[in-house]
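Engineer: just coords:
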């Protein structure tokens, strides 16, 4: 693969380049750039398969760089120190990221994912979701990107009925499409969707309250649009009722 490293710190680029050579048995062609301007020039001349992009650089941010690209087709992996809003945006958009200092095992996993997805051309749509989330404010009419074994889905948050835990996986029930099974646990999505108003009604269920039609006290369950029924645990019942009454 053709890999481009964009980071304003030359020593970090050198470390990342060395790690790539150590964790991957494949031969890669690796080029470097130090910022937004040099990164754009190198993307246009090198045409990389994968770009490792720093968030904060001397002449702007990785997001500034991405806004200036026209329909990029490479696989993107952000490298960043902790930034709460940026990380939330990465998760909503399903764009890969690595925390600094980069862990070799996580790097290896990211390279494997990039190699597997090299033929996919969804980055421009994922970037739309990413940039929408960057202000750090929950957006009920925004989007979330979900991936299963077969496809990438761009789902309006408002269209999600509820999410159900399936072991280490999460099943999304969405208006007018078949359920989507995603290989992340429910807790990961609880952190993302609670700021948009979603309610954890049970250890196995996370519900979008805008689709609740009624609370059935006899069965301790919620009836949702489309006839879906989700349980409410004894422990969470009072909290759920309080939230519903406050709507």
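Structural biologist: On my side now, so go ahead. Computed from a prediction, not measured in an experiment: that's the story for all the values here. Numbering: from 1, shown residues only.
Engineer: Break this protein down into its domains, please.
Structural biologist: When the chain is parsed with automatic domain parsing, its domains come out as 2-133, 143-245.
Engineer: Show me the helices in the protein, by range?
Structural biologist: In order along the chain, the chain carries the following helices (DSSP state H): 10-23, 36-46, 62-67, 84-93, 104-116, 123-133, 186-193, 234-245.
Engineer: and those as JSON lines, adding distance to residue 73?
Structural biologist: No exception for glycine: its C-beta is placed from N, CA and C like everyone else's. Formatted as JSON lines, the entries for those read as follows, by distance: least, C-beta to C-beta, whole Å:
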{"stretch": "helix 10-23", "distance to residue 73": "21"}
{"stretch": "helix 36-46", "distance to residue 73": "10"}
{"stretch": "helix 62-67", "distance to residue 73": "13"}
{"stretch": "helix 84-93", "distance to residue 73": "16"}
{"stretch": "helix 104-116", "distance to residue 73": "12"}
{"stretch": "helix 123-133", "distance to residue 73": "6"}
{"stretch": "helix 186-193", "distance to residue 73": "26"}
{"stretch": "helix 234-245", "distance to residue 73": "43"}
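Engineer: I'd like those helices written out as JSON lines, with mean pLDDT, mean neighbour count and distance to residue 211 added.
Structural biologist: Rendered in JSON lines, the data for the helices of the chain read as follows (pLDDT from 0 to 100; neighbours: other C-beta atoms under 10 Å; distance: least, C-beta to C-beta, whole Å):
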{"stretch": "helix 10-23", "mean pLDDT": "96", "mean neighbour count": "15", "distance to residue 211": "44"}
{"stretch": "helix 36-46", "mean pLDDT": "97", "mean neighbour count": "17", "distance to residue 211": "42"}
{"stretch": "helix 62-67", "mean pLDDT": "94", "mean neighbour count": "19", "distance to residue 211": "32"}
{"stretch": "helix 84-93", "mean pLDDT": "84", "mean neighbour count": "18", "distance to residue 211": "20"}
{"stretch": "helix 104-116", "mean pLDDT": "94", "mean neighbour count": "15", "distance to residue 211": "32"}
{"stretch": "helix 123-133", "mean pLDDT": "87", "mean neighbour count": "18", "distance to residue 211": "21"}
{"stretch": "helix 186-193", "mean pLDDT": "94", "mean neighbour count": "17", "distance to residue 211": "13"}
{"stretch": "helix 234-245", "mean pLDDT": "86", "mean neighbour count": "13", "distance to residue 211": "12"}
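Engineer: which residue sits farthest out from the middle of this structure?
Structural biologist: residue 218 (38.0 Å; C-alpha atoms, centre = their mean).
Engineer: List phi and psi for that one.
Structural biologist: Recorded main-chain torsions at residue 218 are phi -70, psi -40, according to degrees, to the nearest 10.
Engineer: tell me the contacts of it?
Structural biologist: Residues near residue 218 by C-beta atoms under 8 Å, 6 or more residues apart in numbering: none.
Engineer: Return the per-residue confidence for it.
Structural biologist: At residue 218, the predicted lDDT confidence score is 91.
Engineer: how near is it to residue 232?
Structural biologist: The spacing between residue 218 and residue 232, counted by C-beta to C-beta, to the nearest Å, is 12 Å.
Engineer: Also residue 120?
Structural biologist: With distances taken as C-beta to C-beta, residue 120 is found 39 Å from residue 232.
Engineer: The two: who's more crowded?
Structural biologist: Neighbours were tallied for residue 120 and for residue 232 using other C-beta atoms under 10 Å; the higher tally belongs to residue 232 (23 against 13).
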